[in-house]
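In: sharing a model prediction with you, sequence too.
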Amino acid sequence: MAESEHRESARAAEAVEREFEDADGTLWRVKEMPFSHYDRRRGCSLIFWSEGAVRRVRDYPSDWHELSDIELSSLSWKI
């Protein structure tokens, strides 16, 4: 993928953000973010964050934003 295409797909990915509540009542936000420029890999990660934690998932389904709250919560623990 050309660098300009990579930047464009990364911008599109960042546009989708979702909020959900886990089984413990913690409010989480999740957003697709491009890998750092320092990372040799290309692509995006899902970044989950709450008031007390941040999680990164690199392998996730393309329709992640359509998953239920329970499915998103489970996905956030994926290593």
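Out: Received, thanks. Numbering: from 1, shown residues only.
In: end-to-end on stretch 36-45?
Out: End-to-end distance of stretch 36-45: 10 Å, with C-alpha to C-alpha, to the nearest Å as the criterion.
In: revised request: answer the last question for stretch 61-72.
Out: Stretch 61-72: ends 11 Å apart by C-alpha to C-alpha.
In: distance from the chain centre to that stretch, please.
Out: Relative to the chain's own centre, stretch 61-72 is displaced by 10 Å; criterion: C-alpha atoms, centre = their mean, to the nearest Å.
In: what's in contact with it?
Out: With C-beta atoms under 8 Å, 6 or more residues apart in numbering as the test, stretch 61-72 has contacts from V16, R18, F20, E21, D22, A23, W28, V30, E32, L46, F48, L75. Heads up, the C-betas are built off the backbone N, CA and C, glycines and all.
In: can you map out the strands along this structure?
Out: Ranges of strands in the chain, per DSSP state E, are 17-21, 27-34, 44-49, 54-57.
In: let's have these in a markdown table, adding distance to E66 and mean neighbour count.
Out: Compiled in a markdown table, the strands of the chain are given as follows (distance: least, C-beta to C-beta, whole Å; neighbours: other C-beta atoms under 10 Å):
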| stretch | distance to E66 | mean neighbour count |
| --- | --- | --- |
| strand 17-21 | 9 | 14 |
| strand 27-34 | 12 | 17 |
| strand 44-49 | 13 | 19 |
| strand 54-57 | 16 | 14 |
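In: and the helices in the chain, which stretches?
Out: Ranges of helices within the chain are 3-14, 69-75, based on DSSP state H.
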